[in-house]
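> let me see the structure of the following:
(one chain, ligands or ions: 2)
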Amino acid sequence: MASVNASATLGSFNLPALVNEPFISYGPKSAEREHLVQALAEMKEQMPFEVHPNVNGQDVAGTLDQSQQTPFNHSKMLAKYSHASPELVRQAIDGALNAKKQWSRTSLHDRAAIFHRAAALIRGPYRYRMMAATIIGQGKNAYQADIDCTAESIDFLTIFPTLAEGLYKNQPPFNAPGVWNRSEIRPLDGFVYAIAPFNFTALAVNLVLAPLIVGNVVVWKPSPGAVYSSWLFNHIMIEAGLPAGVVQFLPGDAKEVTAEVLKSPDFSSLHFTGSTAVFRSLSSAIYSKMEFWKSYPRLVGETGGKNFHLIHPSADLKNAVLKSVRAAFEYQGQKCSALSRIYIPASLADDFKRLLVKETEALTMGERFTDFIGPVISRTAFDRIANYIQEAKYAPETSLLAGGTVDDSTGYYIRPTIIETSDPRSRFMTEEVFGPFLCLYVYQDNDFGEKLFNLIDTSTQYALSGAVFAKDRQAIIEATDQLRFSAGNFYINDQCTGAMPGHQPFGGSRASGTNDKAGSAGLLSRFVSSRTIKEGFTTIDSVLYPSNLD
Ligand SMILES: NC(=O)c1ccc[n+]([C@@H]2O[C@H](COP(=O)([O-])OP(=O)(O)OC[C@H]3O[C@@H](n4cnc5c(N)ncnc54)[C@H](O)[C@@H]3O)[C@@H](O)[C@H]2O)c1
Ligand SMILES: N[C@@H](CCC=O)C(=O)O
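Ligands and ions are numbered 1, 2, ... in the order given. So this is what the prediction gives:
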């Protein structure tokens, strides 16, 4: 019998106050830029690093036959790593279930202390190593890495304990005389399986931490495109005091690891972020054998998008253009929220396109601090996006406005590309590309209203992120109302990317996911299976009620 953690019984603690992690500028001549330059140089000197699965708190050495290249230069390896075998996956599940006996009894405040300690480690001694790992490994510039692996990761680490405390405090409002009703926030039966995407170090952090803070144990398959930053985060959690086995870090063949995980009847939840196709196939596999599981598995998945900007004739043109360029091309369009289709009124079209193209063509590509654009993540992504752009360039209904060229001689570079189409339901306006590709459609000003809203709402299967740009309040009111189900994150006169935990809880519905919102209390509640306790303080003298008496 595991011992009960005593500290919960010796005080009613308050968590540290929430402070949003500020962004760092990394401006010219700043001290932080110098630190980062040094960390990047050191990492390039030391790489490739060796990464192995980490099970029950130990690295389990295997054959280093996998590699994570840097997308800036495909001849350079950031890390060599080994895959978890099916046998190791089984050991990891057993170890996690064993670790759960104590972790599920550990008080929220002790779990929170580990989270806050990890936040302090990222804020302090690990900041520049995390930055360098995310920049070199995932192809980000300094700003994109900072908002991700430091600011957003730290925000998840500090906000989850506070959100969990809110769940804990959510107690039954009624107590009859002589009765005390209580809700106990138990973790799910079994273990949670987390599968992470490559594009945000912080999203892996979210996938692991949300189940963890409410007492679950997590078997985690990181993305092959983010192995090193993921390993580093796991290492930080261990250094912060996370007990062995609570998180099992399992880089591996996605299908093989998943097949092994789904052989365990103790699988209780899939926490997934990635493409719609993969989440759908996993959901089908899980739903197809419901009688096999010990409980009803919770499926939580945040997936793809075809995100829009709708420009009204009254919009501030410059603001709309500049934010559209950022939304479409920051991090090479490899954000699930990236702008990918834009609707422009005919009255603004010439000026809008002129400025849009000018600003896009001015963006430089490369590895320098001054470069806004970096490479796409991998050879597979490069080939897929390059082929897509080729098809878009030569389709009969399109014309190329900017970009359209690619270069994989050193890294996986694709010029930010803008295509105009005369067919608003063409595949270029409806399919996710997940790269630096923007499709533009010019509508007649008179069509702003039901006809256009209906087009935006029904032309794709996705409903992740979108924005309206207008000065006319009535236009804003109508768009906000009519596009209610077209985006889980809706922006007014702001770009459709850049959601931050605790500010804009993020997620979409329809084919974009289960919309449980990363970094929200709603998400935590998906990993909770509460127990209601009723305690009676009074005794009774008779079986009969007064209504039974003569
Ligand atoms: N909605 C969101 O919050 C959000 C956030 C980030 C990324 N995304 C989406 O993620 C996608 C890009 O990320 P990606 O390229 O890493 O996605 P992906 O679907 O290719 O991979 C995601 C994860 O699934 C694993 N995987 C792949 N095939 C699998 C299989 N058959 N079985 C089990 N696991 C499998 C991968 O190894 C990886 O760990 C885009 O579609 C993007 O929109 C969504
Ligand atoms: N928080 C992010 C989520 C991006 C998904 O990949 C954003 O909205 O930019």
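> what does the stretch 301-450 of the chain have sitting close to ligand 2?
Proximity of the stretch 301-450 of the chain to ligand 2, by Cβ under 6 Å from any ligand atom, involves residues 335-337. Glycine gets a C-beta too; all of them are placed from N, C-alpha and C.
> contact residues of the stretch 301-450 of the chain facing ligand 1?
302-305, 336, 432, 434.
> now the helices for the stretch 301-450 of the chain?
Taking DSSP state H, counting those that start in this stretch as the test, the helices found in the stretch 301-450 of the chain are 317-329, 346-361, 379-394, 450-458.
> what is the neighbour count of the closest residue to ligand 2 within the stretch 351-500 of the chain?
For the stretch 351-500 of the chain and ligand 2, the shortest gap (Cβ to the nearest ligand atom) falls at residue 499, measuring 3.5 Å. Residue 499 is flanked by 21 other residues according to other Cβ atoms under 10 Å.
> list the contacts for it?
Contacts for residue 499 (Cβ atoms under 8 Å, 6 or more residues apart in numbering) come out as 337, 465, 489, 505-506.
> pick the one among those residues closest to residue 538.
Checking those against residue 538 by Cβ to Cβ gives residue 505 as the nearest, at 43.6 Å.
> quick one, what contacts the closest one?
By Cβ under 8 Å, 6+ apart, the contact list for residue 505 reads 499, 517-520, 522.
> need those in TSV with pLDDT and secondary structure, can you?
Shown next, in TSV, are those (pLDDT from 0 to 100; DSSP: H, G, I helix; E, B strand; the rest coil):
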residue	pLDDT	secondary structure
499	97	coil
517	97	coil
518	96	strand
519	91	coil
520	95	coil
522	97	helix
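> sec struct for the residue sitting nearest the centre point of the chain, please.
Note on the chain: the residue nearest the mean C-alpha position is residue 203, at 3.5 Å, using Cα atoms, centre = their mean. The three-state label for residue 203, taken from DSSP: H, G, I helix; E, B strand; the rest coil, comes out as helix.
> what about it, distance to ligand 2?
Per Cβ to the nearest ligand atom, to the nearest Å, residue 203 is found 6 Å from ligand 2.
> could you check the pLDDT of that residue?
For residue 203, the model assigns a pLDDT of 98.
> now do the same contact list for it.
With contact taken as Cβ under 8 Å, 6+ apart, residue 203 is in contact with 196-197, 273, 518.
> re earlier: neighbour-wise, which one of the contacts of residue 505 leads?
residue 519 (27 neighbours).
> name the nearest residue to that one, sequence neighbours excluded.
Nearest residue to residue 519, sequence neighbours excluded (Cβ to Cβ, 6 or more residues apart in numbering): residue 501, at 2.8 Å.
> my guess is that neighbour contacts residue 155. True?
Yes: Residue 501 lies in contact with residue 155 (Cβ atoms under 8 Å); the separation is 4.5 Å.
> anything in contact with each of the two?
Common contacts of residue 501 and residue 155 (Cβ under 8 Å, 6+ apart): residue 519.
> okay, these two: which has more neighbours?
Taking neighbours as other Cβ under 10 Å, residue 501 and residue 155 compare with residue 501 leading, 28 against 24.
> distance of that one from residue 348?
Going from residue 501 to residue 348 by Cβ to Cβ, to the nearest Å gives 35 Å.
> okay, now residue 375: neighbour count?
For residue 375, using other Cβ under 10 Å, the count is 27.
> quick check: pLDDT value at it.
Among the per-residue scores, residue 375 shows a pLDDT of 98.
> for residue 370, same thing?
Per-residue pLDDT puts residue 370 at 97.
> do the same with residue 2
46.
> ok, residue 19 next?
Note for residue 19: predicted pLDDT of 88.
> quick one: contacts for the closest residue in space to residue 530 that isn't next to it in sequence?
Closest residue to residue 530 apart from its sequence neighbours, by Cβ to Cβ, 6+ apart: residue 183 at 5.2 Å. Residues near residue 183 by Cβ under 8 Å, 6+ apart: 170-172, 530-533.
> among the residues you listed, which are in strands?
Applying DSSP state E to the contacts of residue 183, the entries found in strands are 531-533.
> what is the nearest of the residues you listed to ligand 2?
residue 531 (33.5 Å).
> on that earlier part again, export the contacts of residue 499 as CSV, with columns for distance to residue 282, secondary structure and pLDDT.
Compiled in CSV, the contacts of residue 499 are given as follows (distance: Cβ to Cβ, whole Å; DSSP: H, G, I helix; E, B strand; the rest coil; pLDDT from 0 to 100):
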residue, distance to residue 282, secondary structure, pLDDT
337, 22, coil, 98
465, 23, strand, 98
489, 24, strand, 98
505, 23, coil, 96
506, 21, strand, 97
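> got a winner among those for most neighbours?
Within these, most neighbours by other Cβ under 10 Å means residue 465, with 33 neighbours.
> I figured that one hits residue 307, correct?
Yes: counting by Cβ under 8 Å, residue 465 touches residue 307, with 4.2 Å between them.
> what is in contact with the two at once?
Counting by Cβ under 8 Å, 6+ apart, the common neighbours of residue 465 and residue 307 are 337, 487, 496-497.
> can you put the residues you listed in TSV and add secondary structure?
Shown next, in TSV, are the shared contacts of residue 465 and residue 307 (three-state DSSP):
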residue	secondary structure
337	coil
487	coil
496	coil
497	coil
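> farthest pair in those residues?
Across the shared contacts of residue 465 and residue 307, no pair lies farther apart than 487 and 497, at 12.1 Å, counting by Cβ to Cβ.
> those two: who's more crowded?
Between residue 487 and residue 497, counted using other Cβ under 10 Å, the more crowded position is residue 487 (25 against 22).
> residue contacts, the more buried one?
For residue 487, the contacting residues are 307-308, 463-466, 496, 508, by Cβ under 8 Å, 6+ apart.
> not counting its neighbours along the chain, what's nearest it?
For residue 487, ignoring the flanking residues on the chain, the nearest one in space by Cβ to Cβ, 6+ apart is residue 466 at 3.6 Å.
> okay, the one you found and residue 415: tell me how far apart.
For residue 466, the distance to residue 415 - Cβ to Cβ - is 25 Å.
> of the two, which one has the most company?
residue 466 (27 against 19).
> what's in contact with stretch 535-549?
177-182.
> looking at the residues you listed, spot the one nearest residue 97.
When the contacts of stretch 535-549 are compared against residue 97 (criterion: Cβ to Cβ), the nearest one is residue 182, at 26.4 Å.
> what does the closest one show for phi and psi?
phi -140, psi 150 (degrees, to the nearest 10).
> what is the burial count for it?
By other Cβ under 10 Å, the residues close to residue 182 number 13.
> any idea what it is bridged to?
Beta-bridge pairing for residue 182 (DSSP bridges): residue 533.
> next, work out how far apart whichever residue of the stretch 101-250 of the chain sits closest to ligand 1 and residue 68 are.
In the stretch 101-250 of the chain, the residue that lies nearest ligand 1 is residue 197 (3.4 Å; Cβ to the nearest ligand atom). Using Cβ to Cβ, residue 197 is found at 14 Å from residue 68.
> those two: who's more crowded?
Neighbour comparison, residue 197 and residue 68: the larger count goes to residue 68, with 30 against 23 (by other Cβ under 10 Å).
> give the contact list for that one.
Taking Cβ under 8 Å, 6+ apart, we find residue 68 in contact with 51, 77-79, 81, 137, 224-228.
> inside strands: which ones of these?
Assignment to strands by DSSP E places the following of the contacts of residue 68 there: 51, 77-79, 81.
> residue 43: which element?
helix 31-46 (DSSP states H and E).
> gap between residue 53 and residue 344?
According to Cβ to Cβ, residue 53 and residue 344 sit 49 Å apart.
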